[in-house]
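Trainee: Take a look and give me a structure for this.
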Amino acid sequence: AFSVAGVTTLAGDTVIDADRGAVTFSGTVDGGFTLDVKSRGTTTFVRAVGNLTTLKGLTTDAGGSTATAGVNTNGTQSYGDEVSLNGQYVVDGDGTFSVAQATTLSGPVAVKTDGGTITFGGRIDSLLGKGFPLTLSAGAGEVLLKGPIGSKQALGGVAVETASEVTADERVILDGSLGYAAADGLSIGDGVTAKFASGGAIRGFTGSGVVFQGASRDSEIRGFTIADNVNDGIQLAAEGSAAPVDYSGTVIAGNTIIGNSAFGIETASPVTNLTISGNTIGTAGTSNPWNYVTSGPNTHGIVLAPGDSSGTQISGNTIAFNRSNGITSSAGVQGVWISGNTIEHNGLNGIAFTTGDFTGTTITGNTIRSNTVDGISLGAGIGQGATTGGDPLAGYTASLGHYLVKYANDPDFYNPGIPAADRASEPSLGSVYDGQASVAAPPGCSPIRRPPPSGSTSPSTSSTSGAPAGCRCRSTRPGAPTTRSCCA
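Mentor: Coordinates of the predicted model:
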């Protein structure tokens, strides 16, 4: 065995070989040199290493275990054995940080390099019932998480603040109900590509389950259950920019996103080229005797930030049982493709787009049924103010400049008898235009025959061929989304 009871100062590069014996440093360890510990027993650093004078590097070999309380080096930190980490681990200069085997967090842990790779080769767990979080910052370097995370004892969060890319090869379990948990479950910094494609569970956080702080290209969030968080299930572009944020190649797919007090998925800024597909967003949940529902509805299923979201696709999702709307936005959203979704049993509308410019947004081929209010609600008039006045039997009221919401589902409400001056503002209902010709709508939809809007940037509404009996195709207003879905 080898032990030092007091303070240790390295006078040169040092190797300690204890064979099967334990190695213990009870005091601080400092000095601008490397320290290499070889032991198949237990290596313990009771106090911080390199806190006063940064070490040049620290290495432990395979076999045995190492417990540390924070390490600062100007070069590589390499742990070949199982480790217990607690505190801050900083690698300045060109060095890397790596743990070859299993890691246990015995306190909140932050690892930072100046661009060197951060690698965890084995599983990562917290102490039993503590839920300690892990924060990683690799500058322009990579973060490699090769083993399961929280598989034995859940972590209280993982934050990747800086990195070119972070990859998790196995499942990730994060639990926000534990005592030391962070506010958010999985937090991804601006510009980081995050590949979490092996699934897991993220639940119970006081913030959101997954947060992308800014832009993120080519990321993947797949196969997770993201449930019962106080804010959103997944929040993207959390910085709240009014300008479009680039999500080219990023995919949110195959997740179950339920029971979040705010929204299932929220884009806090307009995002471009994002794919949201194959997710279950909201379920009926489980009620207790006091009618408190868990692991069920979100408040809204998907909430889109107003602005240019060109190239963003929402397809193949089941969006159901949410307390309010399935898909919604507070103002105009441009360039979104919404197709192939099943949107049902939501507490208000299947899709609610209330006002603004929806140029280039298309709604087509969805199954929208059994929502409490409308299948697709376009509010009191896209781009027009709501009003409580006017005669509902008069349909469009030129003097008030709006459609009355109360009669929005009446198939005869929108009629070709509107004033000529207003015809350019009235898009088609249940018809497709070919030049100046109006193609008849399929059964179950009410056509309006008129020329396409002159100079309009808004696509026309067209009905789905072979609409089922009782299907009503809704009209859109200037700047409204193209609607090809049928609402049952």
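
Trainee: which residue packs closest to Ala284, ignoring adjacent ones?
Mentor: Phe321 (4.9 Å; CB to CB, 6 or more residues apart in numbering). The way it works is simple: take the backbone N, C-alpha and C, and place the C-beta from them, glycine included.

Trainee: same question but for Lys152, I mixed them up
Mentor: Asp125 is the one closest to Lys152 (CB to CB, 6+ apart), at 4.6 Å.

Trainee: ok, what's across the strand from that neighbour?
Mentor: When bridges are called by DSSP bridges, Asp125 pairs up with Thr104.

Trainee: and Asp17, that one's in a strand?
Mentor: Yes. Looking at Asp17 with DSSP: H, G, I helix; E, B strand; the rest coil, it is inside a strand.

Trainee: Identify the residues contacting it.
Mentor: Contacts for Asp17 (CB atoms under 8 Å, 6 or more residues apart in numbering) come out as 38-39.

Trainee: Check Leu236 too.
Mentor: Leu236 neighbours (CB under 8 Å, 6+ apart): 212, 216, 245, 247, 265-269, 271, 274.

Trainee: can you redo those residues as TSV with neighbour count and distance to Thr103?
Mentor: Formatted as TSV, the contacts of Leu236 follow (neighbours: other CB atoms under 10 Å; distance: CB to CB, whole Å):
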residue	neighbour count	distance to Thr103
Phe212	31	25
Ser216	25	25
Val245	25	33
Tyr247	26	31
Ile265	30	31
Glu266	23	32
Thr267	28	34
Ala268	21	32
Ser269	22	34
Val271	29	34
Leu274	27	33
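
Trainee: how close does the residue nearest to Lys152 get to Gly254?
Mentor: For Asp125, the distance to Gly254 equals 25 Å [CB to CB, to the nearest Å].

Trainee: which of the two has more neighbours?
Mentor: Asp125 (21 against 17; other CB atoms under 10 Å).

Trainee: do you know how far the residue nearest the centre of the chain is from Lys152?
Mentor: Nearest residue to the geometric centre of the chain (CA atoms, centre = their mean): Ile234, 3.0 Å. Separation of Ile234 from Lys152 (CB to CB): 26 Å.

Trainee: now Val90
Mentor: Distance of Val90 to Lys152, given as CB to CB: 27 Å.

Trainee: Kindly report the same for Ile202.
Mentor: Using CB to CB, Ile202 is found at 17 Å from Lys152.

Trainee: can you check Ser330 too?
Mentor: The value you get for Ser330 to Lys152, if CB to CB is used, is 43 Å.

Trainee: before we move on, back to that, quick one: which of Val90 and Lys152 has more around it?
Mentor: Neighbour count, other CB under 10 Å: between Val90 and Lys152, Val90 has more, with 22 against 13.

Trainee: Need the per-residue pLDDT for that one.
Mentor: We have a pLDDT of 98 for Val90.

Trainee: got the contact list for the residue nearest to Ala284?
Mentor: So Phe321 contacts 282-285, 296-297, 345-346 (CB under 8 Å, 6+ apart).

Trainee: and those residues, which two are the farthest apart?
Mentor: Gly285 and Asn346 (13.3 Å; CB to CB).

Trainee: Looking at those two, which is more packed in?
Mentor: Neighbours were counted for Gly285 and for Asn346 using other CB under 10 Å; Asn346 has more, 31 against 16.

Trainee: Does that one touch Thr328 like I think?
Mentor: No. Contact criterion CB atoms under 8 Å: Asn346 and Thr328 do not qualify, at 9.7 Å.

Trainee: and Asp218, helix, strand or coil?
Mentor: With three-state DSSP as the basis, Asp218 sits in coil.

Trainee: what number of residues lie near it?
Mentor: So Asp218, with other CB under 10 Å, has 13 neighbours.

Trainee: and if you look at the one 3 residues further on?
Mentor: For Ile221, the neighbour count with other CB under 10 Å is 30.

Trainee: Next, the contact list for it, please.
Mentor: Counting by CB under 8 Å, 6+ apart, Ile221 touches 194, 196, 210, 234, 251-253, 255.

Trainee: Apply 7 Å and report the result again.
Mentor: For Ile221, the contacting residues are 196, 210, 234, 252, 255, by CB atoms under 7 Å, 6 or more residues apart in numbering.

Trainee: What of Tyr79?
Mentor: Here Tyr79 is in contact with 60, 66, 98-100 (CB under 7 Å, 6+ apart).

Trainee: Ok, Thr54 next?
Mentor: So Thr54 contacts 32, 72-74, 92 (CB under 7 Å, 6+ apart).

Trainee: any idea how far it lies from Thr225?
Mentor: Noted for Thr54: a distance of 42 Å to Thr225, by CB to CB.

Trainee: cool, Val333 as well?
Mentor: In terms of CB to CB, Val333 sits 28 Å off from Thr225.

Trainee: before we move on, the earlier item: the residue nearest to Lys152 contacts Ser106, doesn't it?
Mentor: No. Asp125 lies out of contact with Ser106 (CB atoms under 7 Å); the separation is 10.4 Å.

Trainee: Identify the residues contacting Gly240.
Mentor: Residues counted as contacts of Gly240 (CB under 7 Å, 6+ apart) are 268-269.

Trainee: doesn't it fall inside a strand?
Mentor: No. Assessed with three-state DSSP, Gly240 is coil; it does not lie in a strand.

Trainee: Got the confidence number for it?
Mentor: 85.

Trainee: And Thr286, by the same measure?
Mentor: Thr286 is given a pLDDT of 82.

Trainee: can you count the residues close to the closest residue to it other than its chain neighbours?
Mentor: Computed as CB to CB, 6+ apart, the closest residue to Thr286 that is not its neighbour in sequence is Thr294, at 5.5 Å. Applying other CB under 10 Å, we find 12 residues neighbouring Thr294.

Trainee: Pretty sure Thr294 sits against Ser287.
Mentor: No. If you go by CB under 7 Å, Thr294 and Ser287 don't touch, sitting 8.2 Å apart.
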